[in-house]
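> Below: sequence and its predicted model.
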Amino acid sequence: MKKNSLSLFSLLKCKKYTYIRLLFLSVLPALLLLLTQSKIPDAGSPQTDEPEFHKWAPVPPMGWNSWDCFGPTVVEQEVKANADYMAKYLRKAGWQYIVVDIRWYVENDKAGGYNQNDPRYVMDEYGRLIPALNRFPSAADGKGFKPLADYVHSKGLKFGIHIMRGIPVIAVQKNSPILGSNARAQDIYTTERQCRWLRDMYTIVSDREGAQEYYNSIFQLYASWGVDFVKVDDLSGRLDEIALVRKAIDNCGRPIVLSLSPSGNRTENAEFLKNNANMWRTTGDFWDRWVDLKNEFEVCNRWTAFRGKGYYPDADMLPLGKIGIRAERGEPRMTLFTPDEQYTLMTLFAIFRSPLMFGGNLPDNDQFTLSLITNKEVLKVNQQSSNNRQVTRENDLIVWTADDPKTGDKYVALFNASDTPDAEVSVKFDQIGLSGSHNVKDLWTGKKIGKFTGSFSQKIRMHGAGLYKISN
């Protein structure tokens, strides 16, 4: 049967089609270049839809926050003293953030609560709160927190601040202009959903003209100060305002790690949280009470599946060392947690991979407290482990595990959260993906404690914990 068509090869050879041949050959290099540049990435290629800000916190952030010891009253010299201590004793172990917590813009706040009767706020002409000079004298002449941030940076550390969501009530009263917008403060606020426990701010209505611009303006200010970390309070569960904050940070030109506080986040919003924040609180304020710590086991188990590189459920601060000095609540004290409870706290937060924010006044640390927060193998579990999960819970005897992604070794945490002294807590190797015999090392003491076959168990003190590495 006669063929009615020519193959591409025959067409190009045929003298009759010389013009077509020349045209094809002339565009062939461009076609080849286009094909090579549009190569489909293989499974190992980085995902292009991963938010850029995840790179800003590749491991759970570790730092100091002024809240547990100084509440709303911290002053510049206390911040510097904690930065000095961190640089000398903690930086080499991975600690890096120095965070000034709540109400740094109030001249006359107080311990044991907040001064909401006659607070003296400090604010610029655009309705943006700025540091109180009687507490932060280096902020004079419009410098804001930049001199303090520069001091912290000079120590090889990073600087952070706390803010409340919304726009200041006094900005609304003055109807301050909004930088970058024709709107003013009274155009973007509502009294609805005002914070119940602190009345400094009004809610911002997210879809009004000027709302995004106000958040843009404050984060541009923080970027100019050199801020590396912002904890935004009363923001948990406020998805519309979280989105405004996220966009403002992305627009400010500086990588600023975003922490959402306090509780109010829900696991059904985990995908939204992942795409908008680096860390988010899973509980209300966590203090040095056993009831608070025992509650963390259930909370951590509920949230552990929703963690990834650059985004972390946050079990709240570490109320260790000297706290309550001029705090929002409580008297000056060394933490009320017993030594066993302190091991439990650090072990759970490590294997859950919570961000670690130390709450005590660092210069007051004793040797035991320092040893708790500088154990390199325990901190490695927090910073580098994977597949973190609860294995079993039999009443209040609890087992967690995680993997060392580089070696394949297993980490195991054994907890006695009961009121029974010296309870036997055990894990079967097949529950953590092992079989046969394995060596076990105690990560808190650094001692090798033997070879075990089929299972591993230890007697754990009341309210205590052990953390171990299981290897071949």
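Great, that's in hand. If you're wondering where the values come from, they're calculated on a predicted model, not measured in any experiment.

> could you show me where the helices are in this protein, in order?
Ranges of helices in the chain, per DSSP state H, are 8-13, 18-37, 67-70, 76-85, 146-154, 169-174, 185-188, 211-225, 239-251, 270-274, 290-303, 339-352, 367-372, 376-384.

> Let me see the contact set for the closest residue to Gly210 other than its chain neighbours.
Residue nearest to Gly210 in three dimensions, not counting chain neighbours: Ala183, with 2.7 Å by C-beta to C-beta, 6 or more residues apart in numbering. For every residue, glycine as well, the C-beta is placed using N, CA and C. Ala183 makes contact with 208-210, 213 under the criterion C-beta atoms under 8 Å, 6 or more residues apart in numbering.

> Try it again at 10 Å.
177, 208-211, 213-214 (C-beta atoms under 10 Å, 6 or more residues apart in numbering).

> Can you say which of the residues you listed are buried?
177, 210-211, 213-214 (16 or more other C-beta atoms under 10 Å).

> Out of the residues you listed, name the two that are farthest from one another.
The distance between the two most remote of the buried ones among the contacts of Ala183 (C-beta to C-beta) is 14.2 Å, for Pro177 and Ala211.

> any low-confidence regions in this protein?
Scanning the chain with the threshold set as pLDDT under 70 gives 1-48.

> Any idea what the most centrally placed residue in it is bridged to?
Nearest residue to the geometric centre of the chain (C-alpha atoms, centre = their mean): Met279, 3.4 Å. Following DSSP bridges, Met279 is listed with bridge partners Ser259, Tyr312.

> so how far is Ala149 from it?
20 Å (C-beta to C-beta, to the nearest Å).

> for Phe219, same thing?
Phe219 is 14 Å from Ala149, by C-beta to C-beta.

> His438 too?
Relative to Ala149, His438 is positioned 47 Å away (C-beta to C-beta).

> could you list every residue that touches Leu90?
By C-beta under 10 Å, 6+ apart, Leu90 lies in contact with 62-64, 82, 96, 157, 358, 362, 365, 370, 373-374.

> please redo it, this time with the cut-off set to 8 Å
Leu90 neighbours (C-beta under 8 Å, 6+ apart): 362, 373-374.

> What distance do you get for Lys441 to Lys247?
In terms of C-beta to C-beta, Lys441 sits 47 Å off from Lys247.

> cool, Pro355 as well?
23 Å.

> circling back: and His438 and Ala149? which has more neighbours close in?
Using other C-beta atoms under 10 Å as the criterion, His438 and Ala149 rank with Ala149 on top: 25 against 20.

> pretty sure Asp404 is touching Leu443, no?
No: using C-beta atoms under 8 Å, Asp404 is not in contact with Leu443, being 11.3 Å away.

> got a list of what Leu198 touches?
Contacts of Leu198 by C-beta under 8 Å, 6+ apart are 102, 114, 116, 164, 234.

> Now intersect those with the strands, please.
Taking DSSP state E as the definition of strands, the contacts of Leu198 contribute Met164.

> Pick out the most distant pair among the contacts of Leu198.
Checking the contacts of Leu198 with C-beta to C-beta, the most distant pair is Gln116 and Asp234, at 14.6 Å.

> Neighbour count for the two, which is higher?
Higher neighbour count among Gln116 and Asp234: Asp234, with 24 against 13, using other C-beta under 10 Å.

> Specify the beta-bridge partners of Ile460.
Judged by DSSP bridges, the bridge partners of Ile460 are Ala423.

> Run a quick neighbour tally on it.
Ile460 has 25 neighbours, counted by other C-beta under 10 Å.

> related to what we said a few turns ago, can you tell me which of the helices of the chain is most buried?
helix 67-70 (a mean of 28; mean count of other C-beta atoms under 10 Å).

> what's next to that one, contact-wise?
78, 101-102, 162, 287, 317, 319, 322-328, 359-361.

> if you set the cut-off to 6 Å instead, what comes out?
Residues outside helix 67-70 that contact it (C-beta atoms under 6 Å, 6 or more residues apart in numbering) are 101, 317, 319, 323, 325-326, 359-361.

> Tabulate those (a markdown table), appending neighbour count.
Shown next, in a markdown table, are the contacts of helix 67-70 (neighbours: other C-beta atoms under 10 Å):
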| residue | neighbour count |
| --- | --- |
| Asp101 | 26 |
| Met317 | 27 |
| Pro319 | 28 |
| Ile323 | 28 |
| Ile325 | 21 |
| Arg326 | 18 |
| Gly359 | 27 |
| Gly360 | 26 |
| Asn361 | 23 |
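
> I'd like to know which of these is nearest to Lys410.
Of all the contacts of helix 67-70, Met317 has the smallest distance to Lys410: 28.6 Å, by C-beta to C-beta.

> check contacts around that closest one.
65, 68, 357, 359 are the contacts of Met317 under C-beta under 6 Å, 6+ apart.

> If we use 10 Å, what do you get?
63-65, 67-68, 99, 101, 261, 281, 285-287, 323, 349, 354-360.

> do Phe145 as well
76, 79, 100, 104, 130-131, 136, 138-139, 152, 159-161, 221-222, 224-227.

> same thing with Gly237?
For Gly237, the contact set (C-beta under 10 Å, 6+ apart) comprises 260, 262-266, 269, 273, 280.

> Tell me how the protein divides into domains.
Annotated domains of the chain cover 57-384, 391-471 [automatic domain parsing].

> Now tabulate the ones you listed in a markdown table and tack on distance to Asp49.
Shown next, in a markdown table, are these (distance: least, C-beta to C-beta, whole Å):
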| stretch | distance to Asp49 |
| --- | --- |
| domain 57-384 | 10 |
| domain 391-471 | 23 |
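
> Glu50 is nearest to which of those?
Comparing the domains of the chain by C-beta to C-beta, domain 57-384 comes nearest, at 7.9 Å.

> Turn the contacts of Ala183 into CSV, columns for distance to Asp240.
Converted to CSV, the contacts of Ala183 look like this (distance: C-beta to C-beta, whole Å):
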residue, distance to Asp240
Pro177, 23
Arg208, 11
Glu209, 15
Gly210, 15
Ala211, 9
Glu213, 15
Tyr214, 14
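
> Closest to Asp109 out of those residues?
Tyr214 (23.8 Å).

> I figured that closest one was touching Gly127, is that so?
Yes: assessed by C-beta atoms under 10 Å, Tyr214 is found in contact with Gly127 at 7.2 Å.

> Identify the contacts common to those two.
With C-beta under 10 Å, 6+ apart, Tyr214 and Gly127 have common neighbours 167, 171, 176, 178-179, 184-185, 188.

> quick check, nearest of those residues to Asp340?
Ile167 (46.1 Å).

> picking up where we left off before, type out the ChimeraX command that picks the buried ones from the contacts of Leu90.
Those of the contacts of Leu90 that count as buried under 16+ other C-beta under 10 Å are selected in ChimeraX with:
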select :362,373
